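Asker: Quick one, fold the following:
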Amino acid sequence: MEKAKANAKEWHVRKALPEDLPMIAEIEKISFHKPWSLMGIESFYYKKTSDIYVWRDRARISGYIMAEHILEQGELQRIAIVPFIRNMGIGSLLYQEFRDRYRKIGVETIYLEVRESNTAARHFYKKCGFEEYGRRPKYYSEPMEDAILMFWDDPNPLQSLPLEFEDHAPYNEACKEEHQMICNVCGNELKEKTDFIEIRKEWGYFSEKDTEIHEFKICERCYDRIIKQFEVPPKVTEKNEILS
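Answerer: Model prediction:
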């Protein structure tokens, strides 16, 4: 690519389409030590909480970013640019486009994990406004290594629109006849060996929801992401005895 011709009119960022996934898998192979397979990318793409944005340079995809969002939180999963244009600032532009789109849907905080030894990525994320706030010991394998936890907070969060409630049965009420349980947050099926939280709340007299009974289920992954928003973390204890 001639740098003189590389300008904003020759690129754009958009949400990925199903036909983009094989090209994303090819870029994945040349970008990561343990790349996601095409099947894994397709599985991620079709989740209700997942987003993939692609960078198109002229007539081809040259980069992508994968993320998930639940409520006001986002989690950055992958970002990759084809090798021969990695030092042209495209990663920063792609991230900025992604971040601005997430801001518009009310995401105020974005989290990520990165290998402790990946100083280039940590420097890139810091340039994008991320801060380090902790680590997960021995999170990565091959080789085993700690993960550095980082987050970005929107300094000027947009006022999100109120949710519109539809007049139909909730996920799990609608699925009772099929004996299928679904996480009310992400919409994924709770299979036989999936652990989850089940909550049933009967609202009392002093509530605006008096006489209403609310029931929902949350899978473990969504639970982990939701509690990151808590000002005071949940109290966690361990059983001393486990009955067989």
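
Asker: Give me the three-state assignment for residue 103.
Answerer: Here residue 103 takes the helix state, with states given by DSSP: H, G, I helix; E, B strand; the rest coil.

Asker: I should have written residue 34 there, sorry.
Answerer: On the three-state scheme (three-state DSSP), residue 34 is labelled coil.

Asker: how much space between it and residue 78?
Answerer: Note on residue 34: its distance to residue 78, by Cβ to Cβ, to the nearest Å, is 11 Å. For every residue, glycine as well, the C-beta is placed using N, CA and C.

Asker: And these two? Which one has more around it.
Answerer: residue 78 (19 against 8; other Cβ atoms under 10 Å).

Asker: The closest residue to the more buried one other than its chain neighbours pairs with what?
Answerer: Excluding the flanking residues, the one nearest residue 78 by Cβ to Cβ, 6 or more residues apart in numbering is residue 66, at 4.2 Å. Beta bridges link residue 66 to residue 52, residue 78 when assigned by DSSP bridges.

Asker: going forward can the numbers begin at 36, since that is how I track them
Answerer: All set: I'll call the first residue 36, so the last point we hit is now residue 101.

Asker: Quick one: residues contacting residue 101.
Answerer: 79, 85, 86, 87, 111, 112, 113, 114 (Cβ atoms under 8 Å, 6 or more residues apart in numbering).

Asker: Which ChimeraX command selects the buried ones in the residues you listed?
Answerer: To isolate the buried ones among the contacts of residue 101 in ChimeraX, judged by 16 or more other Cβ atoms under 10 Å, type:
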select :79,85,86,87,111,112,113,114
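
Asker: domain assignment for the protein?
Answerer: Following automatic domain parsing, the chain resolves into domains at 38-188, 206-264.

Asker: what are the ranges of the helices in the protein?
Answerer: 56-64, 73-80, 125-139, 154-162, 206-209, 255-261 (DSSP state H).

Asker: pLDDT averaged over the fourth one - what is it?
Answerer: Right, the one you point to is helix 154-162. For helix 154-162, the mean pLDDT works out to 91.

Asker: can you check the first one too?
Answerer: For helix 56-64, the mean per-residue pLDDT is 93.

Asker: do the same with the third one
Answerer: In this model, helix 125-139 has an average pLDDT of 87.

Asker: Show me where this protein has its strands.
Answerer: 46-50, 85-92, 95-105, 108-116, 144-150, 166-175, 180-188, 216-217, 224-225, 231-237, 248-254 (DSSP state E).

Asker: Figure out how far the longest one is from the centre of its chain.
Answerer: For strand 95-105, the distance from its own C-alpha centre to the chain's C-alpha centre is 10 Å (Cα atoms, centre = their mean, to the nearest Å).

Asker: Next, the angle helix 56-64 makes with that strand.
Answerer: 90 degrees (axes from the mean of the first three to the mean of the last three Cα atoms, to 10 degrees).

Asker: What residues sit buried inside strand 95-105?
Answerer: Those would be 96, 97, 98, 99, 100, 101, 102, 103, 104, 105, for strand 95-105 by 16+ other Cβ under 10 Å.

Asker: Alright, calling it a day.
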